[in-house]
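1. from the sequence below, what's the structure:
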Amino acid sequence: MKKTFEIEYKIGYGPIEDYNIENVKAINRKEALRIFANRKRIPKEELKNFENWMWQEGVWLAFFKKIREAVKSPLSL
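-> Numbers count the residues shown, from 1 in each chain. The predicted structure follows:
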């Protein structure tokens, strides 16, 4: 059964910074990171060093912050 993982990252452009969270459905954390890396075009060689990921989102520079399993809300049951 697939779980939902939240991947948080920081984006910046000059002095402007913001945080984003992207949800990924996957069987486990490793698969979630692989799916996220594919979406962001992060090279497969960098999967082992996900804590140091950096990538471009248009003119923005993005930095990996953390991954966690999403907590199910009692309202969504």
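2. state the distance from residue 42 to residue 14.
-> 23 Å (Cβ to Cβ, to the nearest Å). In short, each C-beta sits where N, CA and C put it, glycine included.
3. looking at these two, which is more packed in?
-> Counted by other Cβ atoms under 10 Å, residue 42 and residue 14 do not tie: residue 42 has more neighbours, with 20 against 8.
4. residue 53 is in contact with the more buried one, correct?
-> Yes - in this structure, residue 42 is within contact of residue 53 by Cβ atoms under 8 Å, at 5.6 Å.
5. got any ranges where this protein has weak pLDDT?
-> The model of the chain has pLDDT under 70 over residues 73-77.
6. let's go with 90 and repeat that
-> The chain contains residues with pLDDT under 90 at 1, 14, 42-52, 56-58, 71-77.
7. for it, what spans make up the helices?
-> Per DSSP state H, the chain carries helices over the ranges 29-39.
8. which residues of it fall in strands?
-> 3-13, 16-26, 54-57, 60-69 (DSSP state E).
9. sheet partners, orientation included, of the last one?
-> Using DSSP bridges, the strands paired with strand 60-69 are strand 3-13 (antiparallel), strand 54-57 (antiparallel).
10. the longest one to strand 16-26, inter-axis angle?
-> The reference is to strand 3-13. Inter-element angle recorded for strand 3-13 and strand 16-26: 160 degrees (by axes from the mean of the first three to the mean of the last three Cα atoms, to 10 degrees).
11. now do strand 3-13: distance to the chain's middle.
-> Remark: strand 3-13 is offset 4 Å from the chain centroid, using Cα atoms, centre = their mean, to the nearest Å.
12. so which bits of that strand are buried?
-> For strand 3-13, burial by neighbour count (16 or more other Cβ atoms under 10 Å) applies to 5, 7, 9, 11.
13. relative to helix 29-39, how tilted is that strand?
-> 40 degrees.
14. what lies in contact with strand 3-13?
-> 17-29, 32-33, 36, 53, 57, 59-70 (Cβ atoms under 8 Å, 6 or more residues apart in numbering).
15. could you check how far residue 38 is from residue 1?
-> 21 Å.
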